[in-house]
Every structure is written in C-alpha cells, then in structure tokens.
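Student: how does the following fold in three dimensions:
(chains A and B)
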Number of protein chains: 2
Amino acid sequence: MDALRLPRLLEPGDRVTVVAPAGPVPADRLDGGLAWLRDAGLVVEEGASLQATSGHGLAFLAGDDGRRRDDLVTALLDPDVRAVVAARGGDGTPRLLDDLPWDDLATTEPTIVAGLSDLTCLHQALAARLGWASLWSPMPGTSVLGGDEPDGWSRDGLLGALSATTTTPLVLSGRARVTGAPVTAPLVGGTLALLSAMVGTAGFQPARGAIALLEDVGERPYRLERFLTHLRRAGFFDGVVGVAIGDLTDCRPVDQVAAVVADAVDDLGVPVVEGLSFGHGPRQASLWLGRPATLDATTATLAQPRPA
Amino acid sequence: MDALRLPRLLEPGDRVTVVAPAGPVPADRLDGGLAWLRDAGLVVEEGASLQATSGHGLAFLAGDDGRRRDDLVTALLDPDVRAVVAARGGDGTPRLLDDLPWDDLATTEPTIVAGLSDLTCLHQALAARLGWASLWSPMPGTSVLGGDEPDGWSRDGLLGALSATTTTPLVLSGRARVTGAPVTAPLVGGTLALLSAMVGTAGFQPARGAIALLEDVGERPYRLERFLTHLRRAGFFDGVVGVAIGDLTDCRPVDQVAAVVADAVDDLGVPVVEGLSFGHGPRQASLWLGRPATLDATTATLAQPRPA
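Tutor: Reported below is the predicted structural model:
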C-alpha cells in the first residue's frame, strides 16, 4: 500500500478534543491525563460525553451511541480542532463507524486521531475509507498516561508523535521470530480482537503491502488462535511484507500463546519481530498507522521516522 | 432462504463416524457417548484422530489440522457413512474449512453432520457452499450426552432428529422478547463467537429469509455486544424473519447480558423468543439448520417438525 495522508502535526496552543467513543473513563486517571496534555501546551477540550457512564442500558458504554458519535463528529469536522484523542478504549467504537459522515470527512483535511485497543476499528476505517494516517497511541484516561504513576517514555513518545518538535526516529527493540531482509512499508493493524471484529464490514483494512501490527490483552490462547485464523482466512495477511508483534498483555499461559503466534505467522514468508513495546503493556509506543516504518529482523527492531 | 437439502436420515445398523474437528475429547465422556450411540443401534466408528490430544503444539487441538481434516473428509466422502458426529467443540474447526474438498462434496449426496459450538463454522459452510441442511446437536464427548449423568431429553432429541422414528414435532418453550405474528422459515445460526469468526470468509451464511438461532457460553457482556455488533454491521441480520435465542450459559452479569440482547435484537422488527433450550445448557435440543421451523412469539415457542 502507499503511505496514507498525514494530518498536520500539532504546535503549541493547538486545540485538541478528548473524547470517549468506547467505555466510561475513570475520572481520576482522566484528570491526570488532561492536566498533562495542558501542561504540554495544548488547548484541551472535553467532548460532551467524555464523562458519561452508561449508554443504551449498557454499563460499559460512555453514553448513548448518538452522544459518543456527536463528540467524535463535531471534533473531526471542526477545522480548528487539530487532534481527536480517545480517553480510553473498552468497547463501543464499532457501533459508531457506519454512521460517521464519511462523505463530509472525505472533503476535509485529515485530523489527527489518536488511541488504541477499541480504537483499532476507527483507525481501520480512517485508513480504508479516507486514506488518513492515524496515530496508534496510549490514551490519557488510562494508567499509562493519566494515573498516579504515568510512564514518562509513553508520554514523551505521544508528544513526539503528535508534534514536529523532534526528528529522532522511534526505535522499538524486540526479538526476531522470523528473519529476513529489512522491510520498509506503512503500518496497518492493532488489537487482534478488534481486527477480527472489522472483517467483512465497511472499513476493514487488510495489510497488503504493509507491516502488520498485532497486539492484544487478556485473551486465552484459543481466542488468539480464533482471531488469527479469522484474519488469515479473510485475507488480512495476503501480501503482508512483515509482522510486528507488540505486547500480548495478560495473555496466558505464555507457552501456549507463543505456540499460537508461531502457528499463525511463522509461515507467512516475511520477517517477524515480537516483544515490541506497543499495546497494553507498561510502556506504550505511539506509532503512525498508514505511515512507513522499517522492520528489521536482523536487529530485531521496528523503527519509524518522526513524521515531517 | 429456501429450505436446504436434507440428508438421508438414519436407520438401525447405519454407520456413523465420530470425529474431533476441534478440541481434544475427554476419554471418559467419550466412552459413555459412544456406548450410548451403539446401544441405539448404530454402527459407530471412530475417526483416527478422535483421541489425539495436541496439534501444531497447541494443546487445545485434537491433533494436527491434516489429521482432523482427514477424518472429516474420509467420513463425508464415504457413501456408506450416514452421519458425521462431532465429539465435542472447543476451537479449531475454522482451520479446516478452506481445505475441505468442496468440489467433490458438491457432487455427493448430503451426509448428516451433527454438532454445535465450534461446529457452527462447519454448519455455516455446509449451508453456504453446499446447500446442505445439518444438525445443530449436543455431542457425545460432552457431559450432556456422555458424562456420568447424561440428559435423557437431550439424548432422545438427538436420536429423534437423526432418525425418522418419530413424527412428533420438537417444541421448545421460552420467553417472548418481541411479539409478532408467527413466522415459519429455515434456521440459520449458532454460537455468536463463531458466527462472528465466519464473517467475511468463505462459507459465511447470513440469516436472510431465515430464523436466526443465537447462543453462547462464558462470554462477558461486552464480548457478546462486540459479536452482535459485528454481525449487525456485516449484514447477518438483514432480511431475518425471526430471532430465537438459546442458552447464554455462564454469560454474566445476567442483567447486562439481557441489556446487550435487548440492544442488539429488539429493533430488528421481527419476533424474538429467548430462553430456548439449545446451546451449552443442561438440556440441549437438536435442531435442523437449513430446515423450516416456526417461531411463535405469542406462545413463546420454537417448533420444528421432525424431518421426513
């Protein structure tokens, strides 16, 4: 695939809207995350539904679909909002996808959209339907950015990816599973459960010509196998040029998880590096989906230049 | 949809092959289940991989894909094997689907294929790719048929569905969620997690013109929501004429599960009956997928004539 369109990066004083397209956001973590973003020089606004606690009778939604979607749409269509940052994941983002104003969005300049986990679905749809690059990133309503002990590396990484203030490439080190010559290609992927939930729907973005990013949290080996088999059968890996595996946080037993990964990706004929610090772990890298990165199994690294 | 092709039903002395296309089968339960089938007058043969305990290094598979698939194919292509019965579910059936000899099977007479849970995927593919009716049924390597305290109702129901020895219709009683005039249509569906895992792959069978059967086991509310939203977005429910919900075994908390179900199906504009005894519960009905049944929300029943 070709590199996707990079939104304009942030400068001090730019407006950022924090939204909750999925689950309810713990207030204490959110407060810390918002304060940190403000301290970084951004003008941070809260989506109207950001602190909602239920939707459609479902305790795991941050308000009804209409409210969560309105927050997202309002921010995406406002030319002065430069970034839309998800406060946390959970569940519920897929419910919003089919009613986003895709025709209107297709005629606007790309906005930065940042988040991970359930946001995988939105990243997929932004790539497939609009050709926008978007930012796989930790989220300000979670412990890694907003809790009592936020991770400085994850925080710095997000600011670096959002802004043009550093030119140092991001380099993640892992373990080579399958060797091969280094490959440079755009990144496509995210959380396995959510990639599976996008298969066969509008906005599914396969990894043809791309380096597949894969991670997940709290899944048993047979579930990971089911997701991976689903993606294989649906063609997600057809034409993939490399596989970058992040954290498989709380996925146990570890030996069976390793066997599932080996079974699913070792025969793809492309380099595979695992153990990279992106996903749901204590150190969460920010990576531009749809933008080129270099996967080098000889050095067991994934490197992405800072966007220019 | 039109009714699918019904295989020839069983008569005493017919050959039946029991296979393990998914997970390893506990020997003690299997022994009881096989003995019961033999006592019922059937000639029961064991697939070569029926007692295998691992495949591809994955403890949750009953042998490598090739072995499990060979058992299935050998039985399906043998004109003297009248039924292929899965010993249990688990995980792994989807791995076999794309390499089944679909062209050969398309020219053979339909064989009875029986099972549930992971077998949902095979039922889907048999319907979509071959137009075969197949039997949603309890399995002889599980506690309901083969354990120390098998359920007589479930056992009798399976024998009744496999054979032409009774003409009494099967009638399941539940609770009406959404009322409406009775509808008669073929049954399509199964376990939600597996239906989701079929979306976008060869063999996915949507419920257009059918009554959707839905059940699952051990899923949290947000997971059920994700599967249902996936199916909705992928068009599974487009043109559905009724929804029959079976057991949602060990899906908790119950109030949130109920809210998820309400959210997902109450607006479809068709009758919905829930609490029907099919799925992973203590009483497991046998139902012919692809064959007509009548869903009557005024009496809160799902009735299927015995196949003729």
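Student: could I have the CA atoms of stretch A:138-157 written out in PDB?
Tutor: Extracted in PDB, the C-alpha atoms of stretch A:138-157 (Å, rounded to 0.1, in the frame of the first residue of the first chain):
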ATOM      1  CA  PRO A 138      -1.600   5.400  24.600                       C
ATOM      2  CA  MET A 139      -4.600   7.300  26.000                       C
ATOM      3  CA  PRO A 140      -5.000  10.000  28.600                       C
ATOM      4  CA  GLY A 141      -7.700   8.300  30.600                       C
ATOM      5  CA  THR A 142      -5.600   5.200  31.200                       C
ATOM      6  CA  SER A 143      -3.000   4.500  33.900                       C
ATOM      7  CA  VAL A 144       0.000   4.700  31.500                       C
ATOM      8  CA  LEU A 145      -0.700   8.400  30.800                       C
ATOM      9  CA  GLY A 146      -3.100   9.600  33.400                       C
ATOM     10  CA  GLY A 147      -2.700   7.500  36.500                       C
ATOM     11  CA  ASP A 148      -0.700   8.000  39.700                       C
ATOM     12  CA  GLU A 149       2.400   6.700  38.100                       C
ATOM     13  CA  PRO A 150       2.300   7.600  34.400                       C
ATOM     14  CA  ASP A 151       5.000   6.300  32.200                       C
ATOM     15  CA  GLY A 152       7.300   9.100  31.100                       C
ATOM     16  CA  TRP A 153       8.600   7.200  28.000                       C
ATOM     17  CA  SER A 154       5.000   6.700  26.800                       C
ATOM     18  CA  ARG A 155       4.100  10.300  27.500                       C
ATOM     19  CA  ASP A 156       7.200  11.600  25.700                       C
ATOM     20  CA  GLY A 157       6.500   9.300  22.800                       C
END
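Student: now that stretch: buried residues?
Tutor: A:138-146, A:150-151, A:154-155, A:157 (16 or more other C-beta atoms under 10 Å in any protein chain shown). C-beta coordinates here come from the backbone N, C-alpha and C atoms, glycine included.
Student: farthest pair in those residues?
Tutor: Greatest spatial distance among the buried residues of stretch A:138-157 (C-beta to C-beta): A:141 and A:157, at 17.2 Å.
Student: can you redo the buried residues of stretch A:138-157 as a markdown table with distance to chain B?
Tutor: Below are the buried residues of stretch A:138-157 laid out as a markdown table (distance: C-beta to the nearest C-beta, whole Å):
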| residue | distance to chain B |
| --- | --- |
| A:138 | 21 |
| A:139 | 17 |
| A:140 | 21 |
| A:141 | 17 |
| A:142 | 16 |
| A:143 | 19 |
| A:144 | 21 |
| A:145 | 22 |
| A:146 | 21 |
| A:150 | 26 |
| A:151 | 26 |
| A:154 | 25 |
| A:155 | 28 |
| A:157 | 28 |
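Student: for residue A:69, list the residues it contacts.
Tutor: By C-beta atoms under 8 Å, 6 or more residues apart in numbering or on different chains, the contact set of residue A:69 is A:21, A:96, A:99, A:100.
Student: what do you get if the cut-off is 6 Å, keeping everything else the same?
Tutor: If you count contacts by C-beta atoms under 6 Å, 6 or more residues apart in numbering or on different chains, residue A:69 has them with residue A:96.
Student: do the same with residue A:240
Tutor: By C-beta under 6 Å, 6+ apart, residue A:240 lies in contact with A:207, A:212, A:270.
Student: let me have these in JSON lines, adding neighbour count as columns.
Tutor: Shown next, in JSON lines, are these (neighbours: other C-beta atoms under 10 Å in any protein chain shown):
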{"residue": "A:207", "neighbour count": "27"}
{"residue": "A:212", "neighbour count": "27"}
{"residue": "A:270", "neighbour count": "22"}
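Student: which one of the residues you listed is nearest chain B?
Tutor: Checking the contacts of residue A:240 against chain B with C-beta to the nearest C-beta, the nearest one is residue A:207 at 14.3 Å.
Student: okay, that closest one: pLDDT?
Tutor: You'll see residue A:207 listed with a pLDDT of 98.
Student: doesn't it fall inside a strand?
Tutor: No: counting by DSSP: H, G, I helix; E, B strand; the rest coil, residue A:207 is not part of a strand but coil.
Student: please report how far it lies from residue A:136.
Tutor: Taking C-beta to C-beta, to the nearest Å as the measure, residue A:207 falls 14 Å from residue A:136.
Student: what residues does chain A put near chain B?
Tutor: Chain A comes close to chain B at residues A:56-58, A:60, A:91, A:94-95, A:197, A:199-201, A:222, A:226, A:229-230, A:233-234, A:259, A:263, as judged by C-beta under 6 Å from any C-beta of the partner chain.
Student: filter those down to just the ones in helices.
Tutor: A:94, A:95, A:197, A:222, A:226, A:229, A:230, A:233, A:259, A:263 (DSSP state H).
Student: test my guess that the third one contacts residue B:231.
Tutor: Pointing back at residue A:197 there. No: Residue A:197 lies out of contact with residue B:231 (C-beta atoms under 6 Å); the separation is 9.9 Å.
Student: between the two, which is the more surrounded one?
Tutor: residue A:197 (31 against 26; other C-beta atoms under 10 Å in any protein chain shown).
Student: tell me which residues in stretch A:84-101 are buried?
Tutor: Within stretch A:84-101, the residues scored as buried using 16+ other C-beta under 10 Å are A:84-97, A:100.
Student: spatially, what comes nearest to residue A:281 if we skip its sequence neighbours?
Tutor: In space, and not counting its chain neighbours, residue A:281 is closest to residue A:247: 3.6 Å by C-beta to C-beta, 6 or more residues apart in numbering or on different chains.
Student: now do the SS call for the one you found.
Tutor: Here residue A:247 is recorded as strand under three-state DSSP.
Student: for the stretch 201-308 of chain A, just list every one of the helices.
Tutor: Shown for the stretch 201-308 of chain A, the helices assigned by DSSP state H, counting those that start in this stretch span residues A:221-233, A:254-265.
Student: tell me the most buried of these?
Tutor: Mean neighbour count (mean count of other C-beta atoms under 10 Å in any protein chain shown) peaks for helix A:221-233 among the helices of the stretch 201-308 of chain A, with a mean of 23.
Student: by how many degrees do that helix and helix A:254-265 diverge?
Tutor: 10 degrees (axes from the mean of the first three to the mean of the last three C-alpha atoms, to 10 degrees).
Student: wouldn't residue A:55 be in contact with residue A:67 here?
Tutor: No: Residue A:55 lies out of contact with residue A:67 (C-beta under 6 Å); the separation is 7.1 Å.
Student: the two: which has the busier surroundings?
Tutor: Using other C-beta under 10 Å as the criterion, residue A:55 and residue A:67 rank with residue A:55 on top: 22 against 18.
Student: re the thing from before, what's the closest of the contacts of residue A:240 to residue A:169?
Tutor: Lowest distance from residue A:169 to the contacts of residue A:240 (C-beta to C-beta) belongs to residue A:212, with 20.0 Å.
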